[in-house]
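>>> no sequence on this one, just coordinates:
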């Protein structure tokens, strides 16, 4: 049985130690087993782009997940940097955060949300979450180039 909790979701300024530690874990995970030229995860400086909003989900004083939304020039958005803290896996943190990002994209008038993610077993849980929310496989977008190491999903809003 899943332990679903209520999470506090807030815009994150990326200055707190818990957020930075979870982001470092995310980057290390994305770099493990993927050639450097195929890792598109953003570091702190990349996430500070004015076109990107980062949120964190909190369970009391503990960070549970992070995720971001990039506003694209064509009226669409890109989901970036989704990562759940290992202590909060399968408790609903990523689902709550993704639902928040989808709602925010709709509120901003975006017509589609897209994401680039990796391939292989380590991405199965994330892919299942995205597909449960209506994301479908699709073509590369933006400046991404398809490879054996990535795939693309889209959600029409």
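Done, it's in. This one's a predicted model, so the numbers in the text were calculated from it and none came from an experiment. Numbering: from 1, shown residues only.

>>> Could you check how far residue 123 is from residue 151?
From residue 123 over to residue 151 the distance is 8 Å, taken as CB to CB, to the nearest Å. The way it works is simple: take the backbone N, C-alpha and C, and place the C-beta from them, glycine included.

>>> Identify the contacts common to those two.
Shared contacts of residue 123 and residue 151, defined by CB atoms under 8 Å, 6 or more residues apart in numbering, comprise residue 117.

>>> Quick check on those two: which one has the bigger neighbour count.
residue 151 (18 against 14; other CB atoms under 10 Å).

>>> did I read that right, the more buried one in a helix?
No - under DSSP: H, G, I helix; E, B strand; the rest coil, residue 151 sits outside any helix and is assigned strand.

>>> can you pull the contacts of it?
116, 117, 118, 119, 137.

>>> Do me a favour and average the pLDDT over the helix or strand harbouring residue 69.
Using DSSP states H and E, residue 69 sits within strand 62-71. Strand 62-71 comes out with an average pLDDT of 96.

>>> just the strands in this protein please.
With strands called from DSSP state E, the chain shows them at 8-11, 52-59, 62-71, 77-84, 112-118, 136-137, 150-156.

>>> Identify the residues contacting the closest residue to residue 88 other than its chain neighbours.
Once flanking residues are discounted, residue 88 sits nearest to residue 64: 4.0 Å by CB to CB, 6 or more residues apart in numbering. Shown in contact with residue 64 (CB under 8 Å, 6+ apart): 7, 56, 57, 58, 84, 85, 87, 88, 91, 93.

>>> any weak-confidence spans in this protein?
Along the chain, the model assigns pLDDT under 70 to residues 1-5, 30-31, 33, 35-42.

>>> again, only this time at 80
Counting by pLDDT under 80, the chain has low-confidence residues at 1-5, 26-44.

>>> quick one on the thing from earlier: please determine how far the residue nearest to residue 88 is located from residue 132.
Relative to residue 132, residue 64 is positioned 18 Å away (CB to CB).

>>> for residue 88, same thing?
In terms of CB to CB, residue 88 sits 18 Å off from residue 132.

>>> So for those two, which sits in the more crowded spot?
residue 88 (21 against 10).
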